[in-house]
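> pasted the sequence and its predicted model underneath.
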Amino acid sequence: MMVAINKRVSYDIGCMKSLRKLPDKVALRFLDMMTRYMSDPSANGLNLETVEGAKDSSLKSLRVDQGYRAIAFEVGRDIMFVHVNEHDKAYRWAVNRRVKLDPDTNRIRVVEEIDLTVAPTEASTAAEPRLFAEVADKRLLALGVALEELSAVRALASIDALEAAEEDFDPLTYQILYGLAAGYTDEEVYALTGVPEEPEVALEKAVQDLTFDRMIETEESRQTIFIPEDEAELRRVFEEGLEGWRVFLHPEQRKIAYRDYNGPAMVRGGAGTGKTVVAMHRAKHLADQIEQDASRAGQRVLLTTFTTSLAQDIEANLRTLCPAHLDARPPRIEVINLDRWVSQFLKRKNFAREVAFFGEARDRLDQIWREVLDDHELPEGLSEPFIRAEWTQIVQAKGLTDQRAYLKASRAGRGTPLDRRKRTALWDVFADYRARMISAGLAEPDDAYREAIEILASEAPNLPYAAVIVDEAQDMGEQAFRLIRAIVPVTSIGDRNSLFVVGDAHQRIYGRRASMSACGINVRGRSRRLRLNYRTTQEIRAWAVSILEGVSVDDLDDGTDSLRGYVSLMHGVAPELVGCRSEAEELEGLVAWLRALPEDQIRLSDIGVLCARRSDVARVHGAFQTAGIKSVVLQAGADDRSVPGVRITTMHRAKGLEFFAVAIPFLSDAAFPPAGALNAAVDAADREDIMTQYRSLLHVAATRAKKALRVTWSGTPTQLIS
């Protein structure tokens, strides 16, 4: 009996990019071959053949079917697949390609050798502008551009030409060129690509390990090369496709996710920069450490966020990235939104009051408010909505429990000033409300957070968490951050890798604000920023950012943030902005737009219609039913894209999702922001806060789109986009 050959099979990211352009049946055939290849590369029909005329003798081809070939490099016990295409195209692609072991960048690169002695063509010598004419060869090489690709770089006339030629370049070269085209400094390019600014520092060690089997295992190579551990992992990755190939991180993202920190760390960045993916990889990294250390058995990583739906979406993605950590008993990664976590914790501690997160309990609190306000004479000039907002935004948010603390508390941002007399009168109202709430056996979420904090401080319970990762931190309030700090407090052995916080205040859609440092979370010196948008085209990104023009945004601590340097890697068509005569016409146009989208390029499940109100979701769903268009209304739970149908949901529910194409209807001045929200404003400052919140909501909705965005209104458009 023949013994199977022991080979290590890997896949360059270029392999996935090429598969993306081929018919599904070819991709499925290739996947089937690869699963067989992992178990026995010597099996019948899996023979590697030499590529005739190739400059690199290690280049091989593998027959996928009658018309398609896969290209791979075979070096020792390693086989790395790099390209799949039609027979003739695959061989033309392969002829000048070779594997380069690059000690300067400490990675394996697949480059195309171009004969630099050939005279330039007439087109390349024409007096037309060149994209990198002002960048010297020496500078390009120092940044990490491959020498073999310089002539192709010199032929680029525009950023559009660069984008069109993406697959002709080694991924690292393309990243460097795009950074330069976007106006990055050399230092920023180094940070972007993960290439050391002084290659000679890495050279000595890299030269010692300059063999394929060692170089493929470097962190730098693993940014673009995937080595599956088993057939199950291989199938998961290929079935997800390139868009869901979560094993790949940009060099900057990987450096952030896979390093150790001496205290809490913070990651900021605009929509689409991969913050959530970084958070997931951070969870995997920390869980890997737990798994590898027998003394840490039973420990886990808590990954939490604000909403239930986002937590479910994250857990679904983690099941692609590292399912074993979730399926372990006990799990090494726990994903849960913070409200649900505190509710379960207090239930185990026999907390006597019901926490009014939503539903009937909230209605009972509203009734208590009405009774309290009826029984008190309110200070002159203060409305009932203002008083309730003061309770929520100052008393509860800051955890004030006595009159003295309230009299001294800062009310920055609240607008309407309050003298000592008015504050004293208001405290009587607040004290009465709190007493009646307790008597009714109810608690607000901030009360629940404080109760949990007190229990954690007094009992020192033996929680299993080695670390907490917070996604969408901009939606957390002060009491939430204090609770997070209490879950993993600073211990006698320090604060190493304890907290990892991810957020962007430009996407704050729930109106909460907090200073992390004031809550015991100090990220100074351990704060990083992501600036490349991998989801959205530059045109959509620019329009979404314009919505926030003139808005001052905090940095989730005591400073301000900006989107300076925030750019997209892709270009496409400009957002389609359409004014209609009526909302009925908007719905008719929406149906026509959907039917005009190319069916061979986009699935219905990759189209999202995002509305401001639930009632609008129902109207769109009804219009699609009438038109015979399959649709799915997203509510709680993860979005299973295998279920066919256009996704319809609210802008709030869309947080964390992405779609190939997005439509945002009903953005008239009368409908957005909704009149009810604006009428609830207690003063000018509150109204401005509400407007900012809806600007952020629209910004979030627009940045869910990858390639196409359609925005419509009837009559006068909302002032947020006019």
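Perfect, I can see it now.
> only C-alpha atoms from now on, for both contacts and neighbour counts.
Fine.
> please tell me how far residue 514 sits from residue 398.
9 Å (CA to CA, to the nearest Å).
> which residues do those two both contact?
Both residue 514 and residue 398 are contacted by residue 478, under the criterion CA atoms under 8 Å, 6 or more residues apart in numbering.
> neighbour-wise, which of the two wins?
Remark: of residue 514 and residue 398, residue 514 carries more neighbours, 24 against 19, as counted by other CA atoms under 10 Å.
> OK, contacts around the more buried one?
Taking CA under 8 Å, 6+ apart, we find residue 514 in contact with 476, 477, 478, 481, 556, 557.
> one more: residue 681?
Neighbouring residues of residue 681 by CA under 8 Å, 6+ apart: 385, 687, 690.
> just say helix, strand or coil for it.
What DSSP: H, G, I helix; E, B strand; the rest coil gives for residue 681 is coil.
> for the remainder of this discussion, apply numbering that starts at 59.
Will do, 59 is the new start, and the previous item becomes residue 739.
> any idea which helix or strand in the protein has the lowest mean pLDDT?
helix 180-183 (a mean of 42; mean pLDDT, DSSP states H and E).
> what's the next secondary structure element after that one?
Toward the C-terminal end, the helix or strand that comes next after helix 180-183 (DSSP states H and E) is helix 195-201.
> state the mean pLDDT of the helix or strand that that following helix is followed by.
On the C-terminal side of helix 195-201, the closest following helix or strand by DSSP H and E is helix 208-212. Averaging pLDDT along helix 208-212 yields 92.
> try stretch 567-581
The average pLDDT within stretch 567-581 is 86.
> returning to that earlier point: from the contacts of residue 739, which is closest to residue 693?
Of all the contacts of residue 739, residue 693 sits closest to residue 748, with 23.9 Å by CA to CA.
> so what's that closest one closest to, chain neighbours aside?
Among residues not flanking residue 748 along the chain, residue 736 sits closest, at 6.9 Å (CA to CA, 6 or more residues apart in numbering).
> work out for me the element the one you found sits within.
Per DSSP H and E: helix 733-737 holds residue 736.
> give me the buried positions along that helix.
Under the neighbour-count criterion of 16 or more other CA atoms under 10 Å, helix 733-737 has residue 736 buried.
> stretch 695-713 now?
Of the residues in stretch 695-713, those buried (16+ other CA under 10 Å) are 696-697, 703-713.
> could I get those as a markdown table with distance to residue 332?
Formatted as a markdown table, these follow (distance: CA to CA, whole Å):
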| residue | distance to residue 332 |
| --- | --- |
| 696 | 19 |
| 697 | 19 |
| 703 | 26 |
| 704 | 24 |
| 705 | 22 |
| 706 | 24 |
| 707 | 22 |
| 708 | 22 |
| 709 | 19 |
| 710 | 19 |
| 711 | 19 |
| 712 | 16 |
| 713 | 13 |
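> and which of those is nearest residue 211?
residue 713 (38.4 Å).
> wait, the closest one sits on residue 369?
No: assessed by CA atoms under 8 Å, residue 713 is found out of contact with residue 369, at 10.8 Å.
> quick one: contacts for residue 715?
Neighbouring residues of residue 715 by CA under 8 Å, 6+ apart: residue 762.
> give the helix, strand or coil label for it.
Assigned with three-state DSSP, residue 715 falls in the coil class.
> before we move on, the earlier item: now the contacts of residue 739 in TSV, with neighbour count?
Shown next, in TSV, are the contacts of residue 739 (neighbours: other CA atoms under 10 Å):
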residue	neighbour count
443	13
745	17
748	20
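> in helices only, show me the residues you listed.
Mapping the contacts of residue 739 onto helices (DSSP state H) picks out 443, 745, 748.
> out of these, which is nearest to residue 314?
Closest to residue 314, out of all of those and judged by CA to CA, is residue 748, at 33.8 Å.
> my guess is the closest one contacts residue 737, does it?
No: in this structure residue 748 lies outside contact range of residue 737 using CA under 8 Å: 10.2 Å.
> and the contacts of residue 739 as JSON lines, adding distance to residue 425 and pLDDT?
Below are the contacts of residue 739 laid out as JSON lines (distance: CA to CA, whole Å; pLDDT from 0 to 100):
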{"residue": "443", "distance to residue 425": "14", "pLDDT": "86"}
{"residue": "745", "distance to residue 425": "25", "pLDDT": "87"}
{"residue": "748", "distance to residue 425": "25", "pLDDT": "89"}
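> for residue 556, state which of these is nearest.
residue 748 (34.3 Å).
> list the contacts for that closest one?
Remark: with contacts taken as CA under 8 Å, 6+ apart, residue 748 is in contact with 569, 735, 736, 739.
> just residue 726 next, same as before
Counting by CA under 8 Å, 6+ apart, residue 726 has contacts 770, 771, 772, 773, 774, 775, 776.
> pull out the buried members of these.
770, 771, 772, 773, 775, 776.
> now the phi/psi pair for the residue nearest to residue 149 when sequence neighbours are not counted, please.
Using CA to CA, 6+ apart and skipping the chain neighbours, the partner closest in space to residue 149 is residue 109 (7.1 Å). Backbone torsions of residue 109, given as degrees, to the nearest 10, read phi -90, psi 110.
> residue 109 contacts residue 154, correct?
No: using CA under 8 Å, residue 109 makes no contact with residue 154, being 10.7 Å away.
> higher neighbour count, these two?
residue 109 (21 against 16).
> so who does the more buried one touch?
When contacts are counted by CA under 8 Å, 6+ apart, residue 109 touches 115, 117, 118, 119, 149, 152, 153.
> pull the most distant pair out of these.
By the measure CA to CA, 115 and 149 form the most distant pair in the contacts of residue 109, at 13.6 Å.
> show me the domain layout of this protein.
Split into domains by automatic domain parsing, the chain comes to 59-153, 302-405+507-619, 415-501, 633-772.
> just the closest of the ones in helices among the contacts of residue 739 to residue 295, please.
Nearest to residue 295 among the ones in helices among the contacts of residue 739, with distances taken as CA to CA, is residue 748, at 42.0 Å.
> measure that closest one to residue 640 for me?
Residue 748 sits 26 Å away from residue 640, going by CA to CA.
> likewise residue 163?
58 Å.
> so for those two, which sits in the more crowded spot?
Set residue 163 next to residue 640 and count neighbours by other CA under 10 Å: residue 163 wins out with 24 against 14.
> skip the chain neighbours and tell me the closest residue to the more buried one.
residue 253 (5.6 Å).
> could you do residue 318 as well?
Residue 318's closest residue in space is residue 555 (CA to CA, 6+ apart), at 6.2 Å.
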